[in-house]
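> just a sequence and a predicted model for now, questions to come.
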Amino acid sequence: DGLFCHRAIRAYWSGYTERCNHYSEKYMSILWPEARFMKLQMEFYHGLNSLDILKKKLRGFSSVKCKEALRTSISVMRNAAAHSDWNY
């Protein structure tokens, strides 16, 4: 649902890291073949949010899970950059 994506982005820019993590994980669990760009964008925000969680050392979040999300985000963005040099 596109609602999860917009809520995650809004929560990220408002500074609500827990809420952003919740909505981005909900959106990432939905498998849509036609929403590849939004999924790529959500991976980017999920990675940025994981970095914020690691910086703030928030309780209730696994550092291993956040580091894995950060690595996944970086690999997805590198893959996107390799496919479209003029765009990134």
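Nice, thanks for sending it over.
> please name the nearest non-neighbouring residue to K56.
Excluding the flanking residues, the one nearest K56 by CB to CB, 6 or more residues apart in numbering is T17, at 6.8 Å. From N, CA and C alone the C-beta is placed, and that goes for glycine too.
> wouldn't the one you found be in contact with K55 here?
No - T17 lies out of contact with K55 (CB atoms under 8 Å); the separation is 9.4 Å.
> who has more neighbours out of the two?
T17 (20 against 9; other CB atoms under 10 Å).
> that one: what's it in contact with?
Taking CB atoms under 8 Å, 6 or more residues apart in numbering as the criterion, T17 is in contact with A11, N49, D52, I53, K56, L58.
> and the strands in this structure?
Read by DSSP state E, the chain holds no strands at all.
> can you tell me the centre-most residue of it?
Nearest to the mean C-alpha position of the chain, counting by CA atoms, centre = their mean, stands H46 at 1.6 Å.
> re the thing from before, can you tell me which of the contacts of T17 are buried?
A11, N49, D52, I53 (16 or more other CB atoms under 10 Å).
> with distance to L70 and pLDDT as new columns, can those residues be given to me in JSON lines?
JSON lines is the format used below for the buried ones among the contacts of T17 (distance: CB to CB, whole Å; pLDDT from 0 to 100):
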{"residue": "A11", "distance to L70": "18", "pLDDT": "90"}
{"residue": "N49", "distance to L70": "9", "pLDDT": "82"}
{"residue": "D52", "distance to L70": "10", "pLDDT": "81"}
{"residue": "I53", "distance to L70": "9", "pLDDT": "79"}
